[in-house]
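Colleague: Fold the following, please.
(one chain, ligands or ions: 1)
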Amino acid sequence: MVGCISFAYVVQQHRDGYRDTPILPGQKWHVHDPERPYPHEVTPANKLGDPPSDAIVLFDGKDMSHWAQSDSDNPVPAKWIVKNGCIEVKGGTGNLYSREKFGDCQLHIEWQEDKNVKGSGQGRGNSGVFLMGRYEIQVLDSYHAATYADGQAGAIYGQWPPLVNPQRKPGDWQVYDIVFKAPRFEGDRVVEPAYMTVFFNGVLIHDHQKLNGITGHRGVFPYEHTQPEERLAIQDHGPATPLHFRNIWVRKLKDYDQPEN
Ligand code: MG
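Modeller: Here you go, the predicted structure:
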């Protein structure tokens, strides 16, 4: 509420600016236009990585009510368990889906491989974060562990490896901050592809990268028509060493110049 009070205070103030300046190319606003809508205020978290005031918190360490075990309007209650303030993947129960749907968004999610993670290649603590249930940022132990580049941790799976590999050792917490731009359709035709910008432990690993289509294994898969918003999913890659998630929040992204009220 602090942000709302402060915003109201700001909009009532006199604004300086100019109307005798050029119109910005491709916009309807003058340079320094005092009539331009004032950006909404967001109160940032005290600790970087915690949710700001306009985030939808999907997991706060205890509450699983935002999740289901089905991509359905009749959700199957989540079977993955909450343990020590984390969600523990219960392999073999299927993917975990958010009950709410998202399109363009900023997603923060933290994950942890078991410090005694077992297996090799794609079998080494595999999970994944699926934007709109279709576009995967890979979760895997890739700390001094080999697999194909476009399948290692942080990869847009099967399409783009991360620019670099900033992964911490198993047992340490890893952080993804993902900016997702949803594809746009006219009928079934893609008129604008999806894009992702991703920070992995604070390091840029995808820079507004264009996606070829949906995620798949051993192939190139075209886009499939979706609604503007679809459920976020976390992958169940089958029984494996335990894998944990925590501190999950999303901000729905809107365009510039939102109305002030
Ligand atoms: Mg995966």
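Colleague: The spatially most central residue of the chain: which element?
Modeller: The residue lying closest to the centre of the chain (Cα atoms, centre = their mean) is residue 107, at 3.0 Å. Using DSSP states H and E, residue 107 sits within strand 105-113.
Colleague: before we move on, what about residue 34?
Modeller: Here residue 34 is assigned to no helix or strand, by DSSP H and E.
Colleague: Can you mark which positions in stretch 186-195 are buried?
Modeller: Buried residues in stretch 186-195, counting neighbours by 16 or more other Cβ atoms under 10 Å, are found at 190, 194, 195. Heads up, the C-betas are built off the backbone N, CA and C, glycines and all.
Colleague: go on, stretch 158-174?
Modeller: For stretch 158-174, by 16+ other Cβ under 10 Å, it's 158, 159, 160, 161, 162, 165, 166, 167, 170, 173, 174.
Colleague: Just the residues you listed: which are in helices?
Modeller: Among those, none falls in helices (DSSP state H).
Colleague: what's the closest of those residues to the ion?
Modeller: The nearest member of the buried residues of stretch 158-174 to the ion, counting by Cβ to the ion, is residue 158 at 9.9 Å.
Colleague: Is the residue nearest to the closest one when sequence neighbours are not counted in a helix, a strand, or coil?
Modeller: Spatial nearest neighbour of residue 158, excluding adjacent residues (Cβ to Cβ, 6 or more residues apart in numbering): residue 150 at 5.6 Å. Three-state assignment for residue 150 (DSSP: H, G, I helix; E, B strand; the rest coil): helix.
Colleague: Give me the pLDDT value at residue 150.
Modeller: Looking at residue 150, its pLDDT reads 98.
Colleague: Next: residue 160.
Modeller: Confidence score, pLDDT, at residue 160: 98.
Colleague: what residues are up against it?
Modeller: 150, 206, 209 (Cβ atoms under 8 Å, 6 or more residues apart in numbering).
Colleague: Repeat that for residue 120.
Modeller: 145, 146, 147.
Colleague: quick check, nearest of these to the ion?
Modeller: Distances from the ion to the contacts of residue 120, taken by Cβ to the ion, are shortest for residue 147, at 10.7 Å.
Colleague: Setting the sequence-adjacent residues aside, check what's closest to that closest one.
Modeller: Using Cβ to Cβ, 6+ apart, the closest residue to residue 147 is residue 121 (4.4 Å).
Colleague: What does that neighbour show for phi and psi?
Modeller: phi 50, psi -130 (degrees, to the nearest 10).
Colleague: Would you mind measuring from it to the ion?
Modeller: Between residue 121 and the ion the computed distance is 12 Å (Cβ to the ion, to the nearest Å).
Colleague: Count the neighbours of that residue for me.
Modeller: Residue 121: 13 surrounding residues under other Cβ atoms under 10 Å.
Colleague: show me the residues around the closest residue to the ion within the stretch 1-150 of the chain that make contact.
Modeller: Closest approach between the stretch 1-150 of the chain and the ion, counting by Cβ to the ion: residue 128, at 3.2 Å. Contacts for residue 128 (Cβ under 8 Å, 6+ apart) come out as 136, 137, 138, 139, 157, 215, 234, 235, 237.
Colleague: Residue 74 now?
Modeller: Residue 74 makes no contacts at all, as judged by Cβ under 8 Å, 6+ apart.
Colleague: May I have the residues that are in contact with residue 92?
Modeller: Going by Cβ under 8 Å, 6+ apart, the list of residues near residue 92 reads 236, 238, 239.
Colleague: quick one: residue 239 is in a helix?
Modeller: No: assignment of residue 239 by three-state DSSP gives coil, placing it outside any helix.
Colleague: any idea how far residue 186 is from it?
Modeller: Between residue 239 and residue 186 the computed distance is 42 Å (Cβ to Cβ, to the nearest Å).
Colleague: how about the residues of the protein near the ion?
Modeller: 126, 128, 138, 235 (Cβ under 5 Å from the ion).
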